[in-house]
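Novice: Model the following, please.
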Amino acid sequence: LIAFETEFRRDERIMRFLTVSLDKHAISWAERRRAKLKAAKV
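Specialist: Numbers count the residues shown, from 1 in each chain. Presented below is the predicted three-dimensional model:
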């Protein structure tokens, strides 16, 4: 169980790092996606 918990914490740390590094790309991607959705609705 302890090993599993450390693995999970490590995973969480990696995911947090990845989300931070991807944020700048994700924001622009989300804006483009929102624009596409708005265009599709109209």
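Novice: and the gap between Arg32 and Glu7?
Specialist: Separation of Arg32 from Glu7 (CB to CB, to the nearest Å) stands at 35 Å. Just so you know, the C-beta spots here come from the backbone N, C-alpha and C atoms, and that holds for glycine as well.
Novice: Show me the shaky parts of this structure.
Specialist: 19, 21-22, 24, 42 (pLDDT under 70).
Novice: now with 80?
Specialist: Applying pLDDT under 80 to the chain flags residues 1-10, 14-27, 41-42.
Novice: ok, which stretches of it are helices?
Specialist: Taking DSSP state H to define them, one finds helices in the chain at 2-41.
Novice: Relative to Arg10, how far out is Ala26?
Specialist: Ala26 is 22 Å from Arg10, where distance means CB to CB.
Novice: Revised request: answer the last question for Ala40.
Specialist: Distance from Ala40 to Arg10, counting by CB to CB: 40 Å.
Novice: okay, those two: which has more neighbours?
Specialist: Arg10 (10 against 7; other CB atoms under 10 Å).
Novice: mind listing what that one touches?
Specialist: Going by CB atoms under 8 Å, 6 or more residues apart in numbering, Arg10 touches no other residue.
Novice: let's number from 2 now, not from 1
Specialist: I'll keep to 2 as the first residue from here, and by that count the last item is Arg11.
Novice: How much space separates it from Lys37?
Specialist: To Lys37, Arg11 is 36 Å away according to CB to CB.
Novice: Over to Asp12?
Specialist: Separation of Asp12 from Lys37 (CB to CB) stands at 32 Å.
Novice: where's Arg33 relative to Leu19, distance?
Specialist: Distance, Arg33 to Leu19, using CB to CB: 20 Å.
Novice: typed the wrong thing, it's Lys39
Specialist: Taking CB to CB, one finds Lys39 at 28 Å from Leu19.
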